[in-house]
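[1] Test case, fold it:
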Amino acid sequence: MSSSNIVEEIKSRCNIVDVVGRVVTLKKAGSNYKGLCPFHNEKTPSFNVNEDKQIFKCFGCGASGDVIAFVEKYYNHDFRGACEMLAGEYGIDLTGAFGSSEQKKELYEINRQAAMFFYKALRSKMNPGYAYMKNRGISEETMNRFGIGYADGQWQSLLSHMESLGISREKLLRLGLISQSRGRYYDKFRDRVIFPIINIGGKVIGFGGRIIGDGNPKYLNSQESDIFQKKNNLYGLNLAKTDITREDRIVLVEGYMDVISLYQSGIRNVCASLGTALTENQARLIRRYTRNVILSYDADEAGQNAAMRGIDILYQEELRPRVLRVTDGKDPDEFVKKNGRSAFAELMDQALPYGDFKMARLSSRYDLKDEQQRLDYLRDIIAQLQSMKPVEADLYIQKIAEQTGISSQAIRREYEAGRQQETGAPPPSAHQQPAEASAISEAEKTLLKLMLTDMKYTDLPEELSGQVFRSEEGTALYQMILGQRQEQGGAAGPAHLQRLREQAGAELADVLEEVSGIVIPPDKEETIYAQCIDYIQKEELRRQDQEITWKLSLDDGSISDEQLAELMQRQAQIQRILKGQGV
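    Numbering: from 1, shown residues only. This next block holds a predicted model:
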């Protein structure tokens, strides 16, 4: 079966409502189903699933597509991975659908044979690998659980074994199991304890090797291949996923031995990144199981710097990171062996939230009793606040004020000035309002698409005059559409779109293509139009609320008592409206 045919087979067999409904609570709303979007934070459902058309669309963030697109985005799969997942669940035969399917199976099998070779080598006789693991306090049961193996110090032990099974050197090179130099082939892993890296499907995708004794590199990982990409996997997730879901949190550590020691001690919801800094893809992988992440990296400078980078990645991916500080021993492995599971569990409960860790980490570098160092600390911590959501930043402004003895109003002014500078605008005075966002919103794009469908949608509500299209791109395209309406009335169609492309030029071409590619379900135009207008009205109220907050926080005494009362009264009115709408 061809790949195009298999796509149609998947779409016909996999009901998108069932697939999405596993991870999103959907409620029937007319002919659609609605729920909270899994791809961005929202309080009011804007995520729609159309069972008849077998498509989904979020009017908040713009995510859209069919059942395969949903699985790709939610489960962080590529197209093929999404097809394989759905085909496996619905009993669909993928034979011949992807040319390299059999090749991948062969690579998995080669890794499995290599893992078995290393596994038997650790257990066949007394050897340095077995002695090393026993000296580290790892039981045979735990070694078996993780499939720990041993690569001896010989140059071609694995190579000879794999060739005896009929496996070519080319494939062994491709997987990074052997290396080549000056026409000579030899085992890549030698005199090392071997940690098989197993994906959540139970397949061996790569290996990590820890040298026994002195030597460099201390840890050696498989090179990336068709079946192994470090950025997309976590060590130990195959064993930990159930415990992560049950406890609704994950402990992230740096190394293989940290995972193994914690797991043996009873901390089962533990994983590690694979010799690299934490990646966005790994954060999205974690998000499938929980949003609560405890980072437990080494207490040394390198470990704490890695924690600083890691929490930013996690925070940006809408996770809730906390940082555990090991107080006794360099790393989690040492600590849990010395103090036990319960002591480590207490540390987990005391882990610092995102902002508190940043405050603690930065303040440790300065003497806050010294006036200049206190100002230097404020400069650095205010820069860190820029990455936070405004409500959280406000909370930490209060904490920083208490910590430094500097007024929260002064800190807030510096914070707001920094936000302005990030957008390229000059710091505001008390009379300036926040800079307008220049990026075109999904609501604007959808409205433009409606206008391209029917010119009647160019008649926007009078109360929103001048407020609907706040981006330069949206405003420009709207004016072009209005101009064409005056020329040809309410007609819309391919010729109309082509004339717009000619007018738009290179600067607006990409935006126009995005707009033209939006799919509006038949007979849903009025509903979608109303949703877009409602969203824009709320955004305008939020903008006004923010503008007033700016004016109040940046007041240098130039606002009169009467003006101040009016501003506060208007803000209270806006907030009542937003609260009444469940925003």
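[2] Counting by contacts, list what whatever helix or strand Y263 lives in packs against.
    Using DSSP states H and E, Y263 falls within helix 256-265. Packing contacts for helix 256-265, counted by 3 or more CB pairs under 8 Å, 6 or more residues apart in numbering; DSSP states H and E, involve helix 140-146, strand 204-211, strand 250-253, strand 270-272, helix 332-339, helix 341-349. From N, CA and C alone the C-beta is placed, and that goes for glycine too.
[3] Can you check what angle separates that helix from helix 332-339?
    Calculated by axes from the mean of the first three to the mean of the last three CA atoms, to 10 degrees, helix 256-265 forms an angle of 30 degrees with helix 332-339.
[4] now helix 256-265: mean pLDDT?
    For helix 256-265, the per-residue pLDDT values average out at 96.
[5] contacting residues around that helix?
    Applying CB atoms under 8 Å, 6 or more residues apart in numbering, the set of residues contacting helix 256-265 from outside is 136-139, 142, 145-146, 148, 195, 208, 210, 219, 235-236, 239-240, 251, 253, 270-272, 296, 331-333, 336-337, 340-341, 344.
[6] Run through the residues that contact E280.
    With contact set as CB under 8 Å, 6+ apart, E280 has these partners: 313, 316-317.
[7] Could I have the buried ones of the residues you listed as PyMOL selection syntax?
    If you want just the buried ones from the contacts of E280 in PyMOL, going by 16 or more other CB atoms under 10 Å, the selection is:
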select buried, resi 313+317
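[8] Mark which of the contacts of E280 are part of helices, please.
    For the contacts of E280, membership in helices holds for 313, 316, with DSSP state H as the criterion.
[9] Just the buried subset of the contacts of helix 256-265, please.
    138, 142, 146, 148, 195, 208, 210, 219, 235-236, 239-240, 251, 253, 270-272, 296, 331-333, 336, 344.
[10] what packs against the helix or strand that contains A410?
    With the criterion set as DSSP H and E, the secondary-structure element containing A410 is helix 408-422. Identification of packing neighbours for helix 408-422 by 3+ CB pairs under 8 Å, 6+ apart yields helix 371-385, helix 390-404, helix 525-553.
[11] Relative to the whole chain's centre, how far out is the next helix or strand after it?
    The element immediately downstream of helix 408-422 (helix or strand, assigned by DSSP H and E) is helix 442-453. Relative to the mean C-alpha coordinate of its chain, helix 442-453 is positioned 28 Å out (CA atoms, centre = their mean, to the nearest Å).
[12] do the same with stretch 140-155
    For stretch 140-155, the separation from the chain centroid amounts to 33 Å (computed by CA atoms, centre = their mean).
[13] for stretch 108-116, same thing?
    Per CA atoms, centre = their mean, the centroid offset for stretch 108-116 relative to its chain is 31 Å.
[14] what's in contact with it?
    Applying CB under 8 Å, 6+ apart, the contact partners of stretch 108-116 are 147, 149, 158, 162, 165, 167, 171-172, 175, 177, 194, 196, 203-207, 227.
[15] From K231, how far off is the closest residue in space to Q531 that isn't next to it in sequence?
    What sits nearest to Q531 in space, not counting adjacent residues and going by CB to CB, 6 or more residues apart in numbering, is F59, at 5.4 Å. Counting by CB to CB, to the nearest Å, the separation of F59 from K231 is 31 Å.
[16] How about M388?
    When M388 is compared with K231 (using CB to CB), they lie 25 Å apart.
[17] do L319 as well
    The separation that L319 has from K231, given CB to CB, amounts to 16 Å.
[18] about what we covered before: okay, M388 and K231: which has more neighbours?
    The residue with more neighbours, out of M388 and K231, is M388; 18 against 15, by other CB atoms under 10 Å.
[19] In which helix or strand does that one reside?
    In this assignment (DSSP H and E), M388 forms part of neither any helix nor any strand.
[20] give me every residue that touches it.
    By CB under 8 Å, 6+ apart, M388 lies in contact with 315, 354-355, 396.
[21] quick one: which two of those are the most distant?
    Using CB to CB, the two most remote members of the contacts of M388 are Y315 and Y396, lying 13.0 Å apart.
[22] Can you pick out the residue with more neighbours from those two?
    Each of Y315 and Y396 had its neighbours counted (other CB under 10 Å), and the higher figure belongs to Y396 (23 against 19).
[23] Leaving out sequence neighbours, find the closest residue to that one.
    Counting by CB to CB, 6+ apart, G355 is the residue found nearest to Y396 once chain neighbours are left out, at 4.6 Å.
[24] I'd like the distance between that neighbour and A29.
    According to CB to CB, G355 stands 37 Å off from A29.
[25] higher neighbour count, these two?
    Neighbour tally, G355 and A29, criterion other CB under 10 Å: the higher count belongs to G355, 21 against 13.
[26] The helix or strand encompassing that one - contacts with which helices or strands?
    Using DSSP H and E, G355 sits in helix 354-363. Packed against helix 354-363 by the contact rule (3+ CB pairs under 8 Å, 6+ apart) you find helix 301-316, strand 320-323, helix 371-385, helix 390-404.
[27] Highest mean neighbour count out of the ones you listed?
    strand 320-323 (a mean of 21; mean count of other CB atoms under 10 Å).
[28] What mean pLDDT does it get?
    Throughout strand 320-323, pLDDT has a mean value of 95.
[29] residues in contact with that strand?
    Contacts to strand 320-323, defined as CB under 8 Å, 6+ apart, come from residues 291-297, 307, 310-311, 314-315, 351-354, 357.
[30] 10 Å instead, please
    Outside of strand 320-323, the residues within contact range by CB atoms under 10 Å, 6 or more residues apart in numbering are 249, 252, 278, 283, 286, 290-297, 304, 307-308, 310-315, 348-354, 356-358, 360-361.
[31] Which of those are buried, as a PyMOL select command?
    Taking 16+ other CB under 10 Å as the burial criterion, the selection of buried members of those in PyMOL is written as:
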select buried, resi 249+252+278+283+286+290+292+293+294+295+296+297+304+307+308+310+311+312+313+314+315+348+351+352+353+354+357+358+361
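[32] how about T446, what does it touch?
    Applying CB under 10 Å, 6+ apart, the residues near T446 are 57, 59, 62, 515, 518, 520, 528-529, 531-532, 535.
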